[in-house]
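# the sequence and its predicted three-dimensional model are supplied below.
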Amino acid sequence: MSHVFYRKLGVQPPEIVRAQGIYLYDERGHRYLDACGGAMVVSIGHGVKEIGAAMAAQTASVAYVNGTAFTTPPVEALADFLAAKAPAGVDRAYFLGSGSEAVEAALKLARQYHVERGDMERTIVIARTPGYHGNTLLALSASARAHYRAVYSPWLVDVRMIDAPYPYRAESPDSPAMTGEALETAILEAGPENVAAFIAEPIGGSSTGASVPVPAYYARVREICDRYGVLFIADEVLTGAGRTGTFFALEHFKDAAGKPVVPDIVTLGKGLNGGYAPLSALLANGRLVETLARGRFGGLVHAQTYSHHAVSCAAALAVMKYMERNDLVKRARDSGAYLQRALRALLDEPTVARVVGDVRGIGMLAAVEFVEERETKRPFAREAKFVEHIVARGRENGLVLWPNVGHADGHNGDLVLIAPPYIIERAQIDELVEKLRVTIKDVVEKHFAGPASPAPRKTAEVKS
Ligand SMILES: Cc1ncc(COP(=O)(O)O)c(C=O)c1O
C-alpha cells in the first residue's frame, strides 16, 4: 500500500521516472506522448536541463526571503520581462504559487482597489458559465464547475454568471453571450455601483474546450466595463505565455481601430513556469497599484509566505528565456496551425466521426468535443463516462489526454483538450493524431457500438 493520498483514489497511478521533450516514461519503460502537457502546463517541453541549472544556482545564492521585507534579482527580472510583454500600463507583477492563488489575489485586488477609492458597495463579481478559475474557495465561487462545487456550495460566495461565448453550442452567432452584451445586462441587473469585476478566460480553457470568441468580443467587454467602472480581469492562467500562439491570448482581439484590448488585471500560471516550479503571477495596471500604495494598508491585503519566491521566479525566468531564444511562441502559432488542421482528419473516418461533434482551437490549444448524436449535438449521458473511457484507453495506447465534462448543460458533455508542449514536431503531431484516432475507434467499437441511448438527464448542482 502506498502512503500517498492520491488525487484519484482506488487506482494506482503509473510512476513516471523520466520525461523528455513531449514524452513521459514510467517505471516499466512504457512511453506516453504527453498531449496535454500535464494540465496544459508544459510549454517548453520536459527535461530542459538549463532550467534545473538556473534553479540550483538560485537555491545556492538565495533560496528564500520574505516578500514583505526583501526582493531578489529573479523576482525583479521576471517582473521586468512580463511588464515588457504585457499591454501598456499593465506593468506590476505579484508572484504566487498556483493559478487559483493568482485568481484569489486578482479578485481581492479588484475589491481592495474599489474600497481604497471609497467605492465600498462594489462587491459583486461576474464570471461566465461554462468557465473555470481555480479551486480555492473564491476562485471556485467564480467557476461554473458543478462537480467541483457540489460538496462545498454552502461555503461559496455568490458570483453572478453570464453565458460564455461557446460557438459550437450558441443559440446564434449574435446572441448576447456571443457578442458580450450579456455582460451589460448582468451589470445593469446587479446595479453598476455594486459590481467590482468581470473575470473571463480570453479563450476557453477546458470548460468550453478551446472555444474562441468572435474578434469583437473583448473590445465590447472593455467598453462595457469602462462604462460602468467595472474592472476586467483576464484569466490567462491556461492561455498565457504563448499557448495560443501569442504571448497573451487577449492579443488575438483588437478594438475597431485595431488597438489592443487592455485588461486591468491579468493572471498567468501554467505555461509561465512550464511545470518546472509552482509559480503564478498577477499582472496589474499601475493605476490600481498606485491606488493601493496611497491607501490604508500600504499594499495588497493578501499575505502568503511563499509569494515572490526567488527559486520559483528563477525557474520561470529561465523558462521565459528559453522560450524567447527558441522563438517558441511563434512555434506554438505555426505548429499549432498544423495541429489544428491535422486534428480535423479525425472527421474522415466514419466510426470516429460519428462521435466527434466538433474539433476546434487555436495555436497549441485544441479540443475534440464528443457527442452521442452529431445532428442534434446531443451529448452522451454523463453516466456513460465516455471521456473517461477515452482517457483510460488513450493511456493504454501511450497517449495522455485532458478530459472535461459537464460543459454541454452543466452536467453532461465530454471533451478532451489537446495542448502539447510547443516544441512538438510535425511528425509527432501526426503520431498524436493517429493515437487519438485509434483510441476513439477502440472506445466506440468496444463500448459504444450499439444504438444511441435515450436523451441524458440534466442534474442540478447539489445545494445545501
Ligand atoms: C483559466 C484557469 N484559471 C485558474 C486555474 C487554476 O490554476 P491552478 O490549478 O494552478 O490553481 C486554472 C487551472 O486549470 C485555469 O485553467
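Done, it's in.
# near the ligand, which residues of the protein are found?
Applying C-beta under 6 Å from any ligand atom, one finds that the chain approaches the ligand through 39, 98-100, 103, 132-134, 201, 205, 235, 237-238, 269. Backbone N, C-alpha and C define where each C-beta goes, glycine included.
# mind checking how far stretch 212-223 is from the chain centre?
Here the centre of mass of C-alpha atoms in stretch 212-223, compared against the chain's by C-alpha atoms, centre = their mean, to the nearest Å, lies 18 Å away.
# how about it as PDB, C-alpha atoms only?
Taking only C-alpha atoms (Å, rounded to 0.1, in the frame of the first residue of the first chain), the coordinates of stretch 212-223 have been written out as PDB:
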ATOM      1  CA  VAL A 212     -12.600  31.200 -29.400                       C
ATOM      2  CA  PRO A 213     -14.900  34.200 -29.100                       C
ATOM      3  CA  VAL A 214     -15.700  36.400 -32.100                       C
ATOM      4  CA  PRO A 215     -13.000  39.000 -32.800                       C
ATOM      5  CA  ALA A 216     -15.000  42.000 -31.400                       C
ATOM      6  CA  TYR A 217     -16.000  40.300 -28.100                       C
ATOM      7  CA  TYR A 218     -13.300  41.700 -25.800                       C
ATOM      8  CA  ALA A 219     -13.400  45.300 -27.300                       C
ATOM      9  CA  ARG A 220     -17.100  45.100 -26.300                       C
ATOM     10  CA  VAL A 221     -16.300  43.800 -22.900                       C
ATOM     11  CA  ARG A 222     -13.800  46.600 -22.400                       C
ATOM     12  CA  GLU A 223     -16.200  49.200 -23.400                       C
END
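# hmm, back to that, neighbour count and pLDDT added to the residues of the chain next to the ligand, as JSON lines?
Formatted as JSON lines, the residues of the chain next to the ligand follow (neighbours: other C-beta atoms under 10 Å; pLDDT from 0 to 100):
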{"residue": "Ala39", "neighbour count": "16", "pLDDT": "98"}
{"residue": "Ser98", "neighbour count": "19", "pLDDT": "98"}
{"residue": "Gly99", "neighbour count": "30", "pLDDT": "98"}
{"residue": "Ser100", "neighbour count": "22", "pLDDT": "98"}
{"residue": "Val103", "neighbour count": "31", "pLDDT": "98"}
{"residue": "Tyr132", "neighbour count": "28", "pLDDT": "98"}
{"residue": "His133", "neighbour count": "34", "pLDDT": "98"}
{"residue": "Gly134", "neighbour count": "25", "pLDDT": "98"}
{"residue": "Glu201", "neighbour count": "26", "pLDDT": "98"}
{"residue": "Gly205", "neighbour count": "31", "pLDDT": "95"}
{"residue": "Asp235", "neighbour count": "30", "pLDDT": "98"}
{"residue": "Val237", "neighbour count": "30", "pLDDT": "98"}
{"residue": "Leu238", "neighbour count": "31", "pLDDT": "98"}
{"residue": "Gly269", "neighbour count": "30", "pLDDT": "98"}
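# need the max-distance pair from those residues.
By the measure C-beta to C-beta, the residues of the chain next to the ligand have their two most distant members at Ser98 and Glu201, which lie 15.8 Å apart.
# just to revisit the earlier point, can you add secondary structure and give the residues of the chain next to the ligand back as a markdown table?
Compiled in a markdown table, the residues of the chain next to the ligand are given as follows (DSSP: H, G, I helix; E, B strand; the rest coil):
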| residue | secondary structure |
| --- | --- |
| Ala39 | helix |
| Ser98 | coil |
| Gly99 | helix |
| Ser100 | helix |
| Val103 | helix |
| Tyr132 | coil |
| His133 | coil |
| Gly134 | coil |
| Glu201 | coil |
| Gly205 | coil |
| Asp235 | strand |
| Val237 | coil |
| Leu238 | coil |
| Gly269 | coil |
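# other SSEs contacting the top helix by length along the chain?
Looking across the chain with DSSP state H, the single longest helix is helix 426-447. With contacts taken as 3 or more C-beta pairs under 8 Å, 6 or more residues apart in numbering; DSSP states H and E, helix 426-447 sits against strand 31-34, helix 328-343, helix 350-353, helix 386-396, strand 399-400, strand 414-418.
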